[in-house]
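Q: Here is a sequence with its predicted model. Questions after.
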Amino acid sequence: MTTVPLRVVGPDVPRVLDDWYVLASSRELRKKPLARELYGAPIALFRDEHGRAAALVDRCPHRSVPLSGGRVEDGTLECPYHGWRFAGDGRCVRVPGLTEEPDHRTRRCASYPVREQDGWVWVWATAGDTPTREPFRFPLLDDPRYASVRQTLEMAGTVHAAAENALDVPHTAFLHRGLFRGAGKTNELEVRVRRHHDRVEAEYIGEPRPSGALGRVLAPRGGVVEHFDRFILPSITQVEYRLGESHVLATVALTPRTDRRTVMNAVVSFRLPFVPPRLAGLAGELLRPLGLSVLRQDATILARQDEAIARFGEARFVSTELDALGPTIAKLLRAAARGREAASDAIDERTFRMRV
Amino acid sequence: MTTVPLRVVGPDVPRVLDDWYVLASSRELRKKPLARELYGAPIALFRDEHGRAAALVDRCPHRSVPLSGGRVEDGTLECPYHGWRFAGDGRCVRVPGLTEEPDHRTRRCASYPVREQDGWVWVWATAGDTPTREPFRFPLLDDPRYASVRQTLEMAGTVHAAAENALDVPHTAFLHRGLFRGAGKTNELEVRVRRHHDRVEAEYIGEPRPSGALGRVLAPRGGVVEHFDRFILPSITQVEYRLGESHVLATVALTPRTDRRTVMNAVVSFRLPFVPPRLAGLAGELLRPLGLSVLRQDATILARQDEAIARFGEARFVSTELDALGPTIAKLLRAAARGREAASDAIDERTFRMRV
Amino acid sequence: MTTVPLRVVGPDVPRVLDDWYVLASSRELRKKPLARELYGAPIALFRDEHGRAAALVDRCPHRSVPLSGGRVEDGTLECPYHGWRFAGDGRCVRVPGLTEEPDHRTRRCASYPVREQDGWVWVWATAGDTPTREPFRFPLLDDPRYASVRQTLEMAGTVHAAAENALDVPHTAFLHRGLFRGAGKTNELEVRVRRHHDRVEAEYIGEPRPSGALGRVLAPRGGVVEHFDRFILPSITQVEYRLGESHVLATVALTPRTDRRTVMNAVVSFRLPFVPPRLAGLAGELLRPLGLSVLRQDATILARQDEAIARFGEARFVSTELDALGPTIAKLLRAAARGREAASDAIDERTFRMRV
């Protein structure tokens, strides 16, 4: 059976095409080429003869067959149909059987700019383009005091829906009922939201320290909770908690596989007081199943949301002040999709109160 | 995998939106909300704090998540994502975390008029509308001389196709070959068709009494067969047989789940001479598998018909006089879809002969 | 679940509608009707009372149900819904229950011209049309010196893609690596391509005789390899090899089941020196699994090609001189789809060299 791409009934989704997205982890990209997608565009990843990651439009110029179904030979990507070979920059370097020179303008494959950084393979979303900035750097990866855990997961929904979900506080008591929050008594927090030209950040003030044993482990000498949620264009989310010596930073680079399917590429970095990073890393691995349970609940609700949007043919969202970041993320994405404006560093700020 | 609504290739189907449809049986609607569809519109059913059935557009105004995936708390429907709660009339009665009043014009969910009657939950097809009539009443349900059997079944095809199939005599000898009709010798009947402003009825005159034991059981004192088939707007079909003391009335309220998928909500009420209703009810249950076999054959042919209509992109029907009701049902539906006219009670009548 | 035809996203495909296509083998068409498709149009095949193959639009004029789901009675095709019967020419010969004459202009089913020839049932692609030519004849079927093997296989892709694949030499060393070619050392061939008004042929000059035992079996007295590849409108491919007394002719009649799915109806006829046809036929059967392995690799790559074309929404092909026949086949198909021109018998010829 031929697989046929379904046209999803739904509203238009803004595409930020002049920026970097994670298409694979460095560990995934080995001898075999990888078939990836970015905003629905098929992309073949492979490593050239120097081990450098390369990204080509995943279609042989000759007969439209996906190059990712072929093999890598001498650092070139070989089409499985007629054996045409392409260098990392998209030049055709071999046409088996041909008596003339293989390289020719019409036989080139469009290539995407690539960076390999922080253990990820980043691809610039427009083939043939010259990048105007460098990819986001994941913080704390090189800090010896921190342990890090990585996780990749695909979800239904737009980058906006996934980012809002990742940075949203009020849903945790309902969607993740029992897993976290919702157990204790109600508190009232102050939330400060600051918008910059390429990001938006919410600061939560007044969150209580966890009580009992957990509180004593995280902050043996006491202290106040500091909590920030951030979105950074084109698709980075960060959740940061500090409590005394403890520090957790969860950073996710979201990748729009299609307009309506998003891949989370997450790194959780953290340090605990009196716990060496190696042991903390082990604790992180032990907590991975719990984290995945939470993410699966998020994935389920995002899938339901996305189905409903597709069925109704529109994303009708009504926000309250509790939607700290979602509406601003939508504005940032729409503006960036029209082309990133001259960076006005004016900062917008608002404050509101939330019961948790 | 996201479920994506497929656009069915096919002709436009008339939608009668100012009338009542059965969306559930009373027994199905308990503590949990139900996800239903009417002409493709998702609807959440639940019971409020008084046990009254309520129907809301199945989409939370906040983030478009289906409310039917949530739970009922204190007679309100709670969204599974952020816990917003809605009363039966669609008012938002709780936004967790919000310090201000939850009810607000923009946070209301559109609600559908609902009636619970005859063991069914009826919903008026237009949210926010004021009904201009009451739902159809299933006859004989309260008559102590009658037993009743209920059955719900979903089929491919439009309301028109399902109604025509349910009320069509000539197909029984072919589609249901061996199960009923087609066994004996040929008779010629007279058929009288009467059209009213909101219904059409066919009367079959001259049908022979079943011979042998069955005839003696149904009509120990003899008698003639009376047989009526009826369609009543927007989507009710009735098949009625009388023979001496015996009487069978099969009433179906059809529900267009989508334009091209129809749910049959059937009640067969009947009395047999010298058989108490309780025992007759037992006989009815014993005959259910046979009835379901017939319905499954109908469902199969309707699915094939619907596929062919979708593939050809049109429903091209050529009728003969034997198509007693189908063409008139189509006219009634098309007229009703344009808005029910002033009730002209003029009666149209035609007569023809049919070999059975 | 209703099966819904998916609209394939992709470029328009030329349809040659004034010609013959194989819809079944003679052996397949027995008592039961067959459901077939041609360019997506559903067609019912059956045998009339004289055993003659007939082809009707697969939709009962009455209620649009596919006739192929019915049965053949007295040489007529009976609809499974109401039992209407149709003769091979599409006339309605029975409407059960009707007191008047069944045949009527509006109750006719459109019929396709049919020929049964060479063990195949050929159908002219336009219902109600008068054929302006006769179907292609498979050569050598009646020659007692030859054995023949038949095979039918459905593949993704257009007639053009399947024909080009079947007649393409350079892909064999890559796609079929290990199965044939690609093992020995490189040779340089001369290729002569001749285009006629309804066909195009490539002649390969200088192909080496197989070495070792195989060469001695095929050509005990030596000789040169003669190799021709041909495409003949609307959809015939031929690959012909001669070496001394040995002769292989693989003829395929391609059938566009839909624009993007193609059925191969293949006959391989061959003779071997000193081997009686019966024994050669046995050898052919023994080689069938190998042939099917090759065809499955072709089917896989054609499916990938077709998916990519659908995803990109266009078939962008860049050819080199090595693409001996593909571009000309595309031209022939496009011209024939616009209406076969007056036969200009001018012959176009070009020559190039290929390394194999």
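A: That came through, no problem. Numbers count the residues shown, from 1 in each chain, chains lettered A, B, ... in the order given.

Q: Closest residue of the stretch 151-300 of chain A to chain C?
A: Proximity of the stretch 151-300 of chain A to chain C (C-beta to the nearest C-beta) peaks at A:T258, 10.6 Å away. Every residue, glycine included, has its C-beta placed from N, CA and C.

Q: pLDDT below threshold where in chain A?
A: Within chain A, the stretches with pLDDT under 70 are A:1-10, A:179-185, A:340-346.

Q: Grab the CA positions of the longest strand along it and hand them over as PDB.
A: Secondary structure of chain A per DSSP state E: the longest strand is strand A:246-258. Coordinates of each C-alpha in strand A:246-258 appear next as PDB, following Å, rounded to 0.1, in the frame of the first residue of the first chain:
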ATOM      1  CA  SER A 246      19.300  22.500  44.600                       C
ATOM      2  CA  HIS A 247      18.900  23.500  41.000                       C
ATOM      3  CA  VAL A 248      16.900  21.900  38.100                       C
ATOM      4  CA  LEU A 249      16.800  23.200  34.600                       C
ATOM      5  CA  ALA A 250      14.700  21.400  32.000                       C
ATOM      6  CA  THR A 251      15.400  22.700  28.500                       C
ATOM      7  CA  VAL A 252      13.500  21.400  25.500                       C
ATOM      8  CA  ALA A 253      14.200  22.100  21.800                       C
ATOM      9  CA  LEU A 254      10.900  21.600  20.000                       C
ATOM     10  CA  THR A 255      11.000  20.400  16.400                       C
ATOM     11  CA  PRO A 256       8.000  20.800  14.100                       C
ATOM     12  CA  ARG A 257       8.200  17.500  12.300                       C
ATOM     13  CA  THR A 258       5.000  18.700  10.500                       C
END
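
Q: What residues sit buried inside that strand?
A: A:246-258 (16 or more other C-beta atoms under 10 Å in any protein chain shown).

Q: Around A:H50, count how many other residues there are.
A: Counted by other C-beta atoms under 10 Å in any protein chain shown, the residues lying close to A:H50 total 7.

Q: Quick check: closest non-adjacent residue to it.
A: Nearest residue to A:H50, sequence neighbours excluded (C-beta to C-beta, 6 or more residues apart in numbering or on different chains): A:G75, at 7.1 Å.

Q: So that neighbour sits against A:P33, correct?
A: No. A:G75 is not in contact with A:P33 according to C-beta atoms under 8 Å; the separation is 11.7 Å.

Q: Alongside chain B, which residues does the stretch 51-200 of chain A contribute?
A: Neighbours of chain B within the stretch 51-200 of chain A, by C-beta under 8 Å from any C-beta of the partner chain: A:156, A:168-171, A:173-175, A:188.

Q: Can you tell me which of those residues comes closest to A:R59?
A: Lowest distance from A:R59 to these (C-beta to C-beta) belongs to A:A156, with 25.9 Å.

Q: how about the residues of chain A near chain C?
A: Counting by C-beta under 8 Å from any C-beta, the positions of chain A adjacent to chain C are A:2-7, A:40, A:42, A:58-59, A:61-66, A:69, A:78-83, A:95-99, A:106-107.

Q: which of A:G75 and A:P33 has more neighbours?
A: Just comparing A:G75 and A:P33: by other C-beta under 10 Å the higher neighbour count belongs to A:P33, 23 against 17.

Q: Stretch A:112-123: how far from the chain's middle?
A: With C-alpha atoms, centre = their mean, to the nearest Å as the basis, stretch A:112-123 stands 13 Å off its chain's centre.

Q: Alpha carbons of that stretch, as CSV, please.
A: Below are the C-alpha coordinates for stretch A:112-123, written out as CSV (Å, rounded to 0.1, in the frame of the first residue of the first chain):
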residue,chain,number,x,y,z
TYR,A,112,20.6,22.5,4.5
PRO,A,113,23.0,24.3,6.8
VAL,A,114,23.9,22.0,9.7
ARG,A,115,25.5,22.5,13.2
GLU,A,116,26.4,19.7,15.6
GLN,A,117,26.4,21.1,19.1
ASP,A,118,25.6,20.0,22.6
GLY,A,119,25.1,16.4,21.4
TRP,A,120,22.4,17.5,18.9
VAL,A,121,22.3,17.8,15.1
TRP,A,122,20.7,21.2,14.3
VAL,A,123,19.4,22.0,10.9
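
Q: Return the subset of the residues of chain A next to chain C lying in strands.
A: Of the residues of chain A next to chain C, the ones assigned to strands by DSSP E are A:42, A:78.

Q: Drop anything exposed from the residues of chain A next to chain C.
A: For the residues of chain A next to chain C, buried by 16+ other C-beta under 10 Å: A:2, A:4-5, A:42, A:58-59, A:61-66, A:69, A:78-83, A:95-98, A:107.

Q: Quick check, the residue in chain A closest to chain C?
A: Closest contact between chain A and chain C, by C-beta to the nearest C-beta, is at A:G83 (3.8 Å).

Q: so how far is chain B from that residue?
A: Separation of A:G83 from chain B (C-beta to the nearest C-beta, to the nearest Å): 35 Å.

Q: can you pull the contacts of that residue?
A: By C-beta atoms under 8 Å, 6 or more residues apart in numbering or on different chains, A:G83 lies in contact with A:94, A:96, C:170-171, C:173-174.

Q: which two in these are spaced the farthest apart?
A: A:R94 and C:H171 (14.3 Å).

Q: A:E321: what's it in contact with?
A: A:352, B:98 are the contacts of A:E321 under C-beta under 8 Å, 6+ apart.

Q: which secondary structure element contains it?
A: Secondary structure from DSSP states H and E places A:E321 outside every helix and strand.

Q: Kindly report the same for the one 10 residues further on.
A: Assessed by DSSP H and E, A:K331 sits inside helix A:326-337.

Q: before we move on, what about A:G284?
A: Secondary structure (DSSP H and E) places A:G284 in helix A:277-312.

Q: Over in chain A, which residue gets nearest chain B? Let me know.
A: Counting by C-beta to the nearest C-beta, chain A gets nearest chain B through A:F174, at 3.8 Å.

Q: so what's the backbone phi/psi at that residue?
A: Note on A:F174: its backbone torsions stand at phi -100, psi -60 [degrees, to the nearest 10].

Q: Report whether the expected contact of it with B:H82 is present.
A: Yes. Counting by C-beta under 8 Å, A:F174 touches B:H82, with 5.8 Å between them.

Q: Now for those two: what residues contact both?
A: Between them, A:F174 and B:H82 share these contacting residues under C-beta under 8 Å, 6+ apart: B:P96.

Q: What does the residue nearest to A:H50 show for phi and psi?
A: phi 70, psi 10.

Q: Could you do A:M264 as well?
A: Per-residue torsions, A:M264: phi -90, psi 130 (degrees, to the nearest 10).
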